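Student: sequence and predicted structure, then a few things I'm wondering about:
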Amino acid sequence: MSDSAPQGLMVEEDQRASEGIVVNDFSIQVATVNGSGSQSSNNVIMRSIFQMGIPVSGKNLFPSNIAGLPTWFTIRANKHGWIARRKEIDFLVAMNAETARDDILGLEPGRVVVYEETLRLNQIRKDLVFFPVPFAKLATEITTDSRLRKLLANMIYVGVVGELIDIDPAEMEVALTKQFKGKAKAVALNKQALEIGRKFARENLDRSKVPYRVARMNATAGKIIIDGNSAAALGCMFAGVTVATWYPITPSSSLCESLANYMHEHRIGPDGKATFAIVQAEDELAACGMAIGAGWAGARSMTSTAGPGISLMQELVGLAYYAEIPVVIFDVTRVGPSTGLPTRTQQSDILAMVYCSHGDTKHIMLIPSSPAECFEMACDAFDLAERFQTPVFVMTDLDLGMNNWMSDAFTYPNRTFDRGKVLTAEDLQRLGRFERYRDVDGDGIPYRTLPGTEHPAAAYFTRGSGHNEKAIYSERPDDYKRNVDRLSRKYDTARTAAPQPEIEYGAGARVGFLAFGTTHWAMIESRDQLQREYHMPTSYFRLRAIPFTSHLKEFFEKHDRVYIVEQNRDGQMEALVKLELPAELCSKIRSIRHYSGLPIDARFVTEATIAAEEGERN
Amino acid sequence: MSDSAPQGLMVEEDQRASEGIVVNDFSIQVATVNGSGSQSSNNVIMRSIFQMGIPVSGKNLFPSNIAGLPTWFTIRANKHGWIARRKEIDFLVAMNAETARDDILGLEPGRVVVYEETLRLNQIRKDLVFFPVPFAKLATEITTDSRLRKLLANMIYVGVVGELIDIDPAEMEVALTKQFKGKAKAVALNKQALEIGRKFARENLDRSKVPYRVARMNATAGKIIIDGNSAAALGCMFAGVTVATWYPITPSSSLCESLANYMHEHRIGPDGKATFAIVQAEDELAACGMAIGAGWAGARSMTSTAGPGISLMQELVGLAYYAEIPVVIFDVTRVGPSTGLPTRTQQSDILAMVYCSHGDTKHIMLIPSSPAECFEMACDAFDLAERFQTPVFVMTDLDLGMNNWMSDAFTYPNRTFDRGKVLTAEDLQRLGRFERYRDVDGDGIPYRTLPGTEHPAAAYFTRGSGHNEKAIYSERPDDYKRNVDRLSRKYDTARTAAPQPEIEYGAGARVGFLAFGTTHWAMIESRDQLQREYHMPTSYFRLRAIPFTSHLKEFFEKHDRVYIVEQNRDGQMEALVKLELPAELCSKIRSIRHYSGLPIDARFVTEATIAAEEGERN
Amino acid sequence: MSTTMTPPAAPKQVNRLGLSMADYKGGDSTLCAGCGHDAITAQIIKAFYEYGVEPHRVAKLSGIGCSSKTPAYFLGQAHGFNGVHGRMPALATGVMLANRNLVSIGVSGDGDTASIGMGQFVHMLRRNIPMMYIVENNGVYGLTKGQFSATADFGSKAKSGVMNDLPAIDICAMAIELGCNFVCRSFAGDPKQMIALLKAALGHRGTALFDVISPCVTFNNHDGSTKSYKYAKEHEELLHEISYVPFFEQIEVDYKPGETREVELHDGSHIRLRKTGADYDPTNRVQALDMLRRTYDSNEFLTGLIYVNEEKPDFLSMLNLVDSPLAALPQSQTQPGPAALDKIMRALM
Amino acid sequence: MSTTMTPPAAPKQVNRLGLSMADYKGGDSTLCAGCGHDAITAQIIKAFYEYGVEPHRVAKLSGIGCSSKTPAYFLGQAHGFNGVHGRMPALATGVMLANRNLVSIGVSGDGDTASIGMGQFVHMLRRNIPMMYIVENNGVYGLTKGQFSATADFGSKAKSGVMNDLPAIDICAMAIELGCNFVCRSFAGDPKQMIALLKAALGHRGTALFDVISPCVTFNNHDGSTKSYKYAKEHEELLHEISYVPFFEQIEVDYKPGETREVELHDGSHIRLRKTGADYDPTNRVQALDMLRRTYDSNEFLTGLIYVNEEKPDFLSMLNLVDSPLAALPQSQTQPGPAALDKIMRALM
Ligand SMILES: Cc1ncc(C[n+]2csc(CCOP(=O)(O)OP(=O)(O)O)c2C)c(N)n1
Ligand SMILES: Cc1ncc(C[n+]2csc(CCOP(=O)(O)OP(=O)(O)O)c2C)c(N)n1
Ligand code: SF4
Ligand code: SF4
Ligand SMILES: [Mg+2]
Ligand SMILES: [Mg+2]
């Protein structure tokens, strides 16, 4: 995964800057209502820009209902490869009467607005570039069907935008065809709408008033566009998952749903039979319980959920921790507490996962930052779960899980699965004995057998209550301590086995950043801003998993201050860092928190950092 | 609650020490099987010693089943008032063939053993004082009913012990009568058994070989014997609880069960109708949900559970936190993780309570150390829950909740309940408006109305999803932030409202201790040992609630090192302390952890401290 | 749930409390245009208005789902509580324990009730908590975009084309089996029947269960769906025609005996059931279960008042509570005096 | 759950696999002497021995409770999983998904199943997970010292003297209602009936539900209890006398027609039901529910094979899984090749 901007771009000088035209560095926002099909239209814009080789990102800000409420889709084209959310909007497509006024008022002077003629937005402000378009009217040229008209109006604005910022028509057609999976009729209709939009713009709108253009680049070669949930699903499939049990919840539903689609295409044997079972459970307790039961019986099993589900899984996760059963749990986090904001993003289930369940418990958690990492870490998760015979959490968030991301194509996991310490009948024959919870290898990881193993010594009794090394029920203090001390040892063993952090030491940097997950994208852009605008070199510790490694201490030792940047109110990762660090380093901890529910943006980090740094000086 | 030993005792010199006789300072352990009724017998011994004015404690170590497995009951008499568990046994009553051998081997030389003759324990060791008694045979003198014989054999050993250590027969009769609540027949039979025991001892056993005696004191005047669960139940009753919904689980069941008993006796109105509802729910999710529903509707409501229940309540607790609904939740903790050891004690649900639920959540938690505090803090809990409109946890543990403790008698809560910021129809008439989630007073605590309030402006809509100050559904970033920031403010307000710590600064002490809950009793005894045996003065911070107050920082500033003594593996309270402390003080944190499932004892703390202090010197 | 006020001679556009329909409305719906749930909301508003329930005495409860959002769309002057997914029965139980004088109405969905909520649903029915419990049943999880719920019929086709291969849970049969004493099923497309049943339920003491087929126009209204408007219209099996006579109106007896049955409710109101086909006695539990089974097997869905029994006590009456709400008791009534504590202490010394 | 091995000419003290009864025993029970649960354990051992199930192919599952401890007391050579309270159905479902070749037996209690476990119990039945599910029903929570569970009968008296004022949940009726195809009730005091049913269940494909009245001698065996040995003996209503003929033995036809019914099971075994009173057809669902209702209302408890239907498919067969256990599939079968990933990637470029 490329951590810094694509090479050779920072240098490139923009010839047309002189003409006051910004090329490949602006954002377009489409304001509409959900359930109106605008998502497809926006994907077409995003894809066609992507196909022109220009780095692009899309953020869908949608409500927690099904249809009729305001939705904003922001497409950012950036030649430097910055794909984090950007606050400032350069080009607005105002299709929603309800929010149009606020949308307009939020813009900087001189920005461009394409809007449904009848909304008369040009009355509201004078300092913007207005392009009224009779979308509804134009749509009637194509069809009389009112529902269809709504949809087509959305494709018409795609044409208008394309024309105004110079998107290659050929690429738009390719993108459109891809979007409608080649469904001939839909493609034809939409092409027509697209063309109508382009034609209208060509004939009625003065392009010279639009200071934004796209121009072909070569920065997206070998890249793909995909959402994190699909990426994670692919990872699970290629990790050989055999049992997936889940319960629908935003924003994680699409993970298991796309998994089901992929599996039906790629995991049906030659005999037409499935090499997997995907079951929609009645709730999260059942989903988690089924996955644990399957893990106990030897399947690579998983479930996927969001905050409320994590709360409901607490008891069963504690069972899997203490009885030592592998299971992979994805938490595509959203805004909490409680039901919170189901369609907004946050990184606030960290403590709920790492300390999941009552009693002394601590868990492994992997934190992908990109679709490519969703893919890789899904594979890692199953290996770790089976190696360590314990629940492994994978934390993504709504931003990563549900938005479309430009990502490196995934590399095939060329390695044999690590199925962990499982003894077969043959092994037992050889060894003669087997004690389920004995630390034979000194790494805290015991050996297990699977039900169905044909050997008289294979069987053991699994329980969430006290047990000794032979898995016999025990309330003896010494048995209890030996067992839980081993569990701690096992957790320590996991430190070096889990994905290691990615660390970049900035030359002469006295300040470091620690970030993880989707915060990464705002982080790297902010570091660039700090360097360019404030000549402030910084180092960067991208955390990729809990438990921590020795790198953490080292990173803190090498800097005066380390800003932990995260998307929650209480600084949950900061807490874990402080608990991990030796006392003498704790004074170096600084914290930057963004928790409004919108994805964090680079400018926020930069400003917070500068403000804090000035504070340090005084 | 008396923190230090009863006055005037430390000085008292023991005349008979010369004769090598230890008075009022030894422990008796009765090894038997559960379900054999020995509990009553042990209570009689404990009570009669208590009635002689001698500080006493009893610890019941029982298995997680109903009948037939080994059980140990340890009675400690201590003139200094130390009532923590003591490891060393001076006087063993060996009634259980299964464990007798180990029980014997665990004793120090010279200790006394009373045992069922037929066990022939005197064969095992020679360096103990053995008193064989034909319990079974003696019992037949009273009855032929074999079940009854078992029970009576247990009362016979009470007589034997009483005779050997000089317990006043009169007090034993009183205690026995109390134990059997004056049930004439039972009393008569047991008295007979008691007498048979005394007689046998008198005639057959050489008392002079027993170096332990009890002698009347005056250290238990005004004190009572009660278990923490009953104490908490009484607290709830006098706090005016009206709705209690629960689900059975060891070790918390007896809290709501004794609550039911007390309420039926004291809370039935003159019309014979109940001023309360106690409902046994179908599980902990329902128990918690019912309590929350009742709290929302204005009742003083509560539930009581143990670890597994806390895990199951996570989602609903998050709802109550975010929707701001009062509810009191008792967690009588046991050994985790998972089902763990249901009949052993631990303080390991701290993080599960304080950070209960997904998303950014933090909760108030009260931590009583004694029955008297179970009573007081139950009252505090309801006031705090209604004042702060939030869940309030009360953490006790199996040791406190289920064992019989010597405690100060409870003082009547002479104060009006704090029902919090509730607006009546009249208030609304006066104010005209009402916004459910507005921070009118700047303390983060909003006003609420109760369903049924007859005023058109009274109604509002409660939800666990995003809402603005008017309780209207909102996904706006600013509404969300304003709301959760207020929740943080509210939590800070709670710091000074919750029970404050009890702090004792030792003259010239460079080392401090921080302990809480039942650990307190081992703590104060250990401090005495450190002072007397090692001339090491120490300070003591007894934490009584989360969130912390400024006292914590101050206490750390005043000492070189602070040992946090707790009963869990991972140092859960230590973690909260480290997160609370400014970085520069973190280096002073030290940790002592006891987590075998047995109550922590003073000697353990003393030895751990000395070892650590030596470590500091090197 | 009855009220004792006597009807004032009110002008046409207000009810017997002098309140207008507007007093029973709530916020604007954010559901999809045409959603069955909105149709039900409209009938709830009308029923409470016509019956004349004081809005402030009502507690509205729900779980999570499109259906569970609807309490925000009616009775804006009543307190509402949109809880968490599948746990509304427990919340409602607590509410009624705290304040027995409230009239509580719970709105849930088939997923909220029959999937994640099954456990609490069963135990609420077993306890017979006094409340109106409405399941807005569309066979799918609307709010999470159309996955099958536990009431999806065997063989029903999802929008995606996937077939449901599990049997549907019959909420009504389950309720009767568990001792619920007011069980009815209706259809969002049949307002006339629904409002009669809603008003009748207001007169019932105990849990009144409503299973209302409420099509999800966005995810489950296509051909192949067995919960679409079209399918429901074609397969509805009417038990009887229902009319309701409130306790505060005269009953004029103007029907041929044998053709009609009448059931009196706790509050003195009557429901009149006019035969549509074979005679049906809604007080006969066995017949009710039988009928449900037969229609279930033939993929029809039975609507009407399926089972009613006005004799059984509700949960609160079994608790022998003081008359005033527990939530409203003063300290003097909930805190025993010093003497009581003293007595207890002395016994422990 | 059938096995295809042919019976060797075995000496008297071993079964057709050449295994002795000892091979089917487990650890020593730690339950109270006389607990009904131990009696059931004994029959389970005997049934698996006589049927000749290979111990290593068995998965034992349970929740939490005295009853849930019992899997540790039988089939010591089989893997066992004592899960958490009320969640065994989900664990068992996962186990069977992972390894369809296992013979799974779940042991639960009335609290574990009907109280906290109700939700998962209902959905397990609805899915028809292939397993033997035994509810050791004593009407109380034994392990937490005798509180009433959801199957405690209305009016039943607790040891403390408290009366249960809620109706009991009839697990069998619920199971039939939810489509369970092998539903029986027995009594810990009737080993002969129980073992026949247990062996029959081993031949059934799908969930086989056992509701076994299993007195708690410590907390619910007193007068006034409706789950005591005494009460059960006095109120047992035998549906029929049951004998079992395993698939690996000849069936000699030696009975008067009309007096006996025979049901063939998936594995080719037969159960023979000899009339005790009125004729009863266990394949008739409506009659079964009826019979349960009538006995429920008259406080009798019905025992025998209440309902059986050998036609319905189980959950696994609906999933169209490969024949070998999913848990045993090699990487080559569970990981698509590089070409597949490449194809997917190209489509996303
Ligand atoms: C604990 C939990 N799990 C899952 C979800 C996600 N979720 C929201 S609504 C819903 C299902 C709603 O279905 P139903 O009750 O039928 O209501 P409908 O939308 O169909 O009216 C789910 C699964 C949640 N909010 N909480
Ligand atoms: C989540 C949870 N809640 C409560 C308990 C306490 N508990 C243990 S067993 C049990 C009830 C067991 O009753 P039942 O299932 O009928 O089994 P029995 O002991 O009667 O055989 C309860 C409530 C627990 N272990 N876990
Ligand atoms: S998704 Fe379905 S249930 Fe939800 S509002 Fe739309 S139509 Fe109604
Ligand atoms: S308590 Fe009851 S159920 Fe538990 S073992 Fe004893 S008799 Fe059996
Ligand atoms: Mg639905
Ligand atoms: Mg039971």
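Tutor: Yep, it's here. Ligands and ions are numbered 1, 2, ... in the order given.
Student: how close does the closest residue to chain D within the stretch 201-349 of chain C get to ligand 6?
Tutor: Of all residues in the stretch 201-349 of chain C, C:Met318 sits closest to chain D, at 5.0 Å by C-beta to the nearest C-beta. C-beta here means a position set from N, CA and C on the backbone, and glycine is covered the same way. C:Met318 sits at a distance of 23 Å from ligand 6 (criterion: C-beta to the ion, to the nearest Å).
Student: after the helix or strand harbouring that residue, which helix or strand is next?
Tutor: Per DSSP states H and E, C:Met318 falls inside helix C:315-319. Per DSSP H and E, the first helix or strand lying C-terminal to helix C:315-319 is helix C:331-334.
Student: how about that next one: buried residues?
Tutor: C:333-334 (16 or more other C-beta atoms under 10 Å in any protein chain shown).
Student: send me that helix as CSV with only the CA atoms.
Tutor: Written as CSV, here are the backbone C-alpha positions of helix C:331-334 (Å, rounded to 0.1, in the frame of the first residue of the first chain):
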residue,chain,number,x,y,z
GLN,C,331,-40.4,9.1,50.2
SER,C,332,-42.8,8.7,53.2
GLN,C,333,-44.3,5.7,51.4
THR,C,334,-41.2,4.1,50.0
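Student: which residues does the nearest residue to A:Thr177 once chain neighbours are set aside contact?
Tutor: Spatial nearest neighbour of A:Thr177, excluding adjacent residues (C-beta to C-beta, 6 or more residues apart in numbering or on different chains): A:Val187 at 5.5 Å. Residues in contact with A:Val187, defined by C-beta atoms under 8 Å, 6 or more residues apart in numbering or on different chains, are A:176-177, A:180.
Student: which regions of the stretch 101-250 of chain C sit below the pLDDT cut-off?
Tutor: Along the stretch 101-250 of chain C, the parts satisfying pLDDT under 70 run over C:250.
Student: how much space between whichever residue of it sits closest to ligand 2 and C:Ala208?
Tutor: Proximity of the stretch 101-250 of chain C to ligand 2 (C-beta to the nearest ligand atom) peaks at C:Gly119, 12.6 Å away. Distance, C:Gly119 to C:Ala208, using C-beta to C-beta, to the nearest Å: 20 Å.
Student: neighbour count for the two, which is higher?
Tutor: Using other C-beta atoms under 10 Å in any protein chain shown as the criterion, C:Gly119 and C:Ala208 rank with C:Gly119 on top: 30 against 27.
Student: ok but that one is inside a helix, no?
Tutor: Yes. Secondary structure of C:Gly119 (DSSP: H, G, I helix; E, B strand; the rest coil): part of a helix.
Student: report the separation between it and ligand 6.
Tutor: Going from C:Gly119 to ligand 6 by C-beta to the ion gives 17 Å.
Student: quick one: the closest residue to that residue other than its chain neighbours and A:Gly289, what's the gap?
Tutor: Nearest non-adjacent residue to C:Gly119, counting by C-beta to C-beta, 6+ apart: D:Gly119, 3.4 Å away. D:Gly119 is 11 Å from A:Gly289, where distance means C-beta to C-beta.
Student: same thing with A:Glu426?
Tutor: For A:Glu426, the distance to A:Gly289 - C-beta to C-beta - is 31 Å.
Student: more crowded one of these two?
Tutor: The residue with more neighbours, out of A:Glu426 and A:Gly289, is A:Gly289; 32 against 10, by other C-beta under 10 Å.
Student: the host helix or strand of that one vs ligand 2: in contact?
Tutor: Using DSSP H and E, the element containing A:Gly289 is helix A:284-296. No. Helix A:284-296 lies out of reach of ligand 2 by C-beta under 6 Å from any ligand atom, never closer than 10.7 Å.
Student: following that helix in sequence, what is the next regular element?
Tutor: Next helix or strand after helix A:284-296 toward the C-terminus (DSSP H and E): strand A:301-305.
Student: export that following strand as CSV, just CAs?
Tutor: The C-alpha trace of strand A:301-305 is given here as CSV (Å, rounded to 0.1, in the frame of the first residue of the first chain):
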residue,chain,number,x,y,z
SER,A,301,-15.4,-19.1,10.8
MET,A,302,-16.3,-15.5,11.1
THR,A,303,-19.0,-13.0,11.8
SER,A,304,-19.3,-9.3,11.0
THR,A,305,-21.1,-6.6,12.8
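Student: what does it contact?
Tutor: By C-beta under 8 Å, 6+ apart, strand A:301-305 touches A:232, A:236, A:241-247, A:249, A:252, A:255-256, A:284, A:287-288, A:290-292, A:294-295, A:313, A:326-332, A:381-382, D:94, D:98.
Student: any part of the very next helix or strand once past that strand near chain B?
Tutor: Counting by DSSP H and E, the next helix or strand C-terminal to strand A:301-305 is helix A:307-323. Yes. Using C-beta under 8 Å from any C-beta of the partner chain, helix A:307-323 reaches chain B at A:307-308, A:310-312, A:314-315, A:318-319, A:321-323.
Student: from the residues you listed, which would you call buried?
Tutor: A:307-308, A:310-312, A:314-315, A:318-319, A:321-323.
Student: closest one of the residues you listed to chain C?
Tutor: Nearest member of those to chain C, counting by C-beta to the nearest C-beta, is A:Pro308, at 6.8 Å.
Student: how about the helices of the stretch 201-349 of chain C, start to end?
Tutor: Secondary structure of the stretch 201-349 of chain C by DSSP state H, counting those that start in this stretch: the helices cover C:229-235, C:285-297, C:315-319, C:331-334, C:338-348.
Student: and of these, who's closest to A:Pro134?
Tutor: helix C:229-235 (34.7 Å; C-beta to C-beta).
Student: buried set for the closest one?
Tutor: Of the residues in helix C:229-235, C:229, C:231-232, C:235 count as buried by neighbour count, 16+ other C-beta under 10 Å.
Student: ditto for stretch A:442-451
Tutor: Quick answer for stretch A:442-451 (16+ other C-beta under 10 Å): A:443-451.
Student: give me the phi and psi angles of C:Val14.
Tutor: Main-chain torsions, C:Val14, degrees, to the nearest 10: phi -130, psi 160.
Student: that one and C:Thr260, how far apart?
Tutor: C:Val14 sits 31 Å away from C:Thr260, going by C-beta to C-beta.
Student: next: C:Ile45.
Tutor: Separation of C:Ile45 from C:Thr260 (C-beta to C-beta): 28 Å.
Student: phi, psi for A:Gly597 please.
Tutor: For A:Gly597, the backbone dihedrals (degrees, to the nearest 10) come out as phi 100, psi -20.
Student: what about the residue nearest to C:Ala327 when sequence neighbours are not counted, how many residues nearby?
Tutor: Leaving aside its sequence neighbours, C:Ala327 sits nearest to B:Gly298 (C-beta to C-beta, 6+ apart; 3.3 Å). B:Gly298 is flanked by 27 other residues according to other C-beta under 10 Å.
Student: and for the one 5 residues further on?
Tutor: Here the count is done by other C-beta under 10 Å, and B:Thr303 has 33 residues near it.
Student: need the pLDDT of it.
Tutor: Looking at B:Thr303, its pLDDT stands at 98.
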